[in-house]
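Colleague: next one to model:
(chains A and B)
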Amino acid sequence: MLELLFSICIHFQEPSAQVHAFVGARILPVSGPPLENGVLVVRGARIAAIGSRDAVAVPAGALVHDATGKWLIPGLVDTHSHIGEASGADSSAPIQPDARILDSFDVRASSLQRAQAGGITTANVMPGSGHLLGGQTLYFKLKDANSVDELAIRWPDGAVAGGMKMANGTNPRGEPPFPGTRAKAAALVREKFFAAREYERKLAEAGDDASKRPARDLGMEALLEVLQGKRVVHHHTHRHDDVLTVLRLQQEFGFKVVLHHVTDAWKVAREIAAAGAPCSLILVDAPGGKLEARDLNWSSPAAVVEAGGRVSIHTDDWINDSRLFLRCAGMAVRGGLSREKALEALTLEGARQLELDARIGSLDAGKDADFVLLDGDPLSVYTTVLETWVEGVKVFDRADPRDRLWALGGYGAGNARVLHDCCGERVEEHGR
Amino acid sequence: MRTLKMLLAGALVASAATAQLAVRAQKVWTLAGAPLDNAIVLVEGGKVRAVGPAASTAIPQGWQVLEAAVVTPGLIDARTTAGLTGILNTRHDQEQLDTSSSMQPELRAIDAYDAREPLLEHLRSLGTTTVHAGHAPLALISGQTLVAKLRGTSVEQAVLVPAAMVSCTLGDGATGGKSPGTRSKAVSLLRQELVKAREWRDKRAGAEAGKAQERDLHLEALADVLDGKLPLLVCAQRAKDIDTALRLREEFGFRLVLEGAAEAYSRIEELKAANVPILLHATMARAGGELENLSMETAARLRAAGLPFAIQSGHEGYVPKVRVPLFEAAIACKQGLAFEDALRAITLDAARILGLDARIGSLEVGKDADLALWDGDPFEYATHCTATIVDGAVLFRGAK
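Modeller: Reported below is the predicted structural model:
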């Protein structure tokens, strides 16, 4: 059967031109107290002003959105996701710092649309946990895009933003050259970091003399970024002793680290807090699936915060569905975390862990205009994401039948979204 | 700690028959009428002795009293593999699938179910009191299912129905091996086996009295399916596989119960005409593979069409190792299923499909005293199950 293709022109607003004012919502800026009857003014891709209605004037010419009765929160930051059908390292070696998510990311995957439907505006997409070091992660915005360049976040120097994925415990185990024990795993990682130090020393010795420099090594260059604090280690770890092993290696090599999943966090909360290592936690509906996840407890986020530690929450999509990201925070509240900390864990703390908190994570003038409109309390099961906005552009609208399909599922919800630029306009093609 | 809890659970089962317990709640969802505000449930001898408004229901002297914001019937997981599937996900605790043959209706769930499995304890801590558990929908015929209460330390103490249904799978779950490798081949093999079983059964019926036919566990189980003693529980996700299930039912006349049914919303009229009960996939099941078209609104659509259905937790191969009926119903409720209908989908409507609604699924005098106590709206994320009562015994107490 022939597949008919038809095209619909989408009118993309020129972000630099448009001013929006969202008026009347209950606004949770996360960086400050809730605003009843608040106003959020967006100019282009940034927040121009935020405050209570009597304190913030709606600029002349602004497109006014009546948000009375609605809730407005910062765009959600998912610190650990696998959407976009990306891959990192292959099976040739357990440590592959050269592999980049950037080179495998599918911006058309429907999983990105589902993330938008869940209110996610920034995500850290990572290689899997089958390697001690699985490659470079990608921080990106959930824009509707046609290429990874359009949505990748860049550091001020132009480099693509991302961290480094590492893992310990049972997932990266295997036949040689993969480690067979925990001690072997740690030894392999330490050897590699010492090799990177050696590479760094040779580079320094060579100075400006190109003839003395070691041959370029993409993996070593990426590891140097880790050792120099330019690339945060996102470390998969579950069991209490594995968590402490990460902290031990962090002490030895001084890299920046975020602990991920941390199933046993409730057992070693004080140690985690004392080390100053932030946690990116997962909350799943049942313990187990493997021995090291047997003692999963929804009290982990509360335990770490009570010990003085920092907590974000992630989907690990597709362990948890991006469309239900808010639910993950609800489960943390079930486990004893305060509602304020739970929302912060989905937004500002995630932004801090990605070192993007100057740009995203809270609703403050000058920050990116990434936000979510809801019909109620973000931590209630009965609340619906109505709209998701990224850098001043609406990327999800529950009232749009296409977006609704991605939000709820149904026939064709798994199909990719295809955008391309044609005849001076951005065009979306729908397979039918 | 776990051992101690198990010992306690065993002791409580033993004492349940004599326990006298009153539960007082701001709201009681009996599912036998409108919910009751400020009401009391009296439990004695493992059964519900009375349910009514506090004003007119006296608590006898000396009875233990539990307080709750909300009380519901104990939850029923309409279809799971927990108990055969274990928490560790290693070879020694995974009993839900044997791959030596594509059709093994003779495999009994009672020979594999572990009443001490921690996943079952987890389900009980979230209000579940009964599970329909069994072999996984990962082979053409993977084996039998059972119905068990979440009580006791052995399958003998737990089981309500030792052989409930025979698990059959159409679609990807059946065609993973070398053969059957396609849907056509799978259905051909299944039909051939049912034809063979029918002939064997007819021969058995015609055998001279006193001349016992040689035992054949495999064909006996299929004959029970053909005789309507055991429903054939057919996992079919794609619309075309649902169609196949209906076609096979037409040909062989077995009692069909559908499970999964991700694309049931596109076969509403056919399913209504056939009046087939559905154990619907978990609302939060992953929308991939042959479930790529699943919708979180399907439960609401089945309800609107008047189709009999319950919500299952299903089978999970990794993380979470088990899904939780409470959570799956909550999301179905959020996506358009009325609160009471969502609650029924994990209680009374599940009991009906399992043929146990005379005993469990609602709070009525004379029924089993299976209750779940909550400190708020059961479906809200931050609400806790504060106690789970099975046959009148408090087998879980939660801290707030």
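Colleague: every contact and neighbour count from this point should use C-alpha atoms.
Modeller: OK.
Colleague: residue numbers of the stretch 301-432 of chain A in contact with chain B?
Modeller: For the stretch 301-432 of chain A, the contact set with chain B under Cα under 8 Å from any Cα of the partner chain comprises A:318-319, A:321, A:327, A:330-331, A:333-335, A:379-383, A:408-414.
Colleague: buried ones among the residues you listed?
Modeller: Listed as buried from these are A:319, A:321, A:327, A:330-331, A:333-335, A:379-383, A:408-414; burial here means 16 or more other Cα atoms under 10 Å in any protein chain shown.
Colleague: of those residues, which belong to helices?
Modeller: Using DSSP state H, A:R327, A:G330, A:M331, A:V333, A:R334, A:L408 are the members of those that sit in helices.
Colleague: shouldn't the first one be in contact with A:L379?
Modeller: The one in question is A:R327. Yes. A:R327 is within contact range of A:L379, at 6.8 Å (criterion: Cα atoms under 8 Å).
Colleague: what do the two both touch?
Modeller: Common neighbours of A:R327 and A:L379 (criterion: Cα atoms under 8 Å, 6 or more residues apart in numbering or on different chains): B:Y381.
Colleague: now the farthest one out in the chain, which residue is it?
Modeller: Assuming you mean chain A. A:S211 (41.0 Å; Cα atoms, centre = their mean).
Colleague: look at chain B instead
Modeller: Max distance from the centre of chain B (Cα atoms, centre = their mean): B:E208, 39.9 Å.
Colleague: what sits against A:A49?
Modeller: A:V39, A:L40, A:V41, A:V42, A:V56, A:D364, A:A365, A:G366.
Colleague: could you redo the last one with a cut-off of 10 Å?
Modeller: By Cα atoms under 10 Å, 6 or more residues apart in numbering or on different chains, the contact list for A:A49 reads A:21, A:39-43, A:55-59, A:363-367.
Colleague: low-confidence ranges, the stretch 201-350 of chain B, go.
Modeller: Applying pLDDT under 70 to the stretch 201-350 of chain B picks out residues B:209-210.
Colleague: and what of the stretch 301-432 of chain A?
Modeller: A:420, A:422, A:429-432.
Colleague: contact partners for B:G289?
Modeller: Per Cα under 10 Å, 6+ apart, neighbours of B:G289: A:G414, B:D172, B:Q237.
Colleague: cool, B:L258 as well?
Modeller: By Cα under 10 Å, 6+ apart, the contact list for B:L258 reads B:167-169, B:231-237, B:242, B:245-246, B:264, B:271, B:276-280, B:309.
Colleague: quick one, helices of chain A?
Modeller: A:110-117, A:148-151, A:182-206, A:218-227, A:240-253, A:269-275, A:300-306, A:325-334, A:339-346, A:348-353, A:401-408.
Colleague: packed most tightly, which of those would that be?
Modeller: Ranked by mean neighbour count, the helices of chain A are led by helix A:110-117 with a mean of 28 (mean count of other Cα atoms under 10 Å in any protein chain shown).
Colleague: packing partners for it?
Modeller: strand A:76-81, strand A:120-125, strand A:385-390, strand A:393-397, helix A:401-408 (3 or more Cα pairs under 10 Å, 6 or more residues apart in numbering or on different chains; DSSP states H and E).
Colleague: by how many degrees do the longest one and helix A:110-117 diverge?
Modeller: Interaxial angle of helix A:401-408 relative to helix A:110-117 (axes from the mean of the first three to the mean of the last three Cα atoms, to 10 degrees): 90 degrees.
Colleague: what angle do strand A:385-390 and helix A:401-408 make with each other?
Modeller: Angle of helix A:401-408 versus strand A:385-390, following the same axes, to 10 degrees, is 110 degrees.
Colleague: now the angle from helix A:401-408 to strand A:393-397?
Modeller: Using the same axes, to 10 degrees: helix A:401-408 against strand A:393-397 is 60 degrees.
Colleague: which strands and helices lie in contact with helix A:401-408?
Modeller: helix A:110-117, strand A:385-390, strand A:393-397.
Colleague: will you turn those into CSV that also has distance to A:R294?
Modeller: Below are these laid out as CSV (distance: least, Cα to Cα, whole Å):
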stretch, distance to A:R294
helix A:110-117, 28
strand A:385-390, 33
strand A:393-397, 37
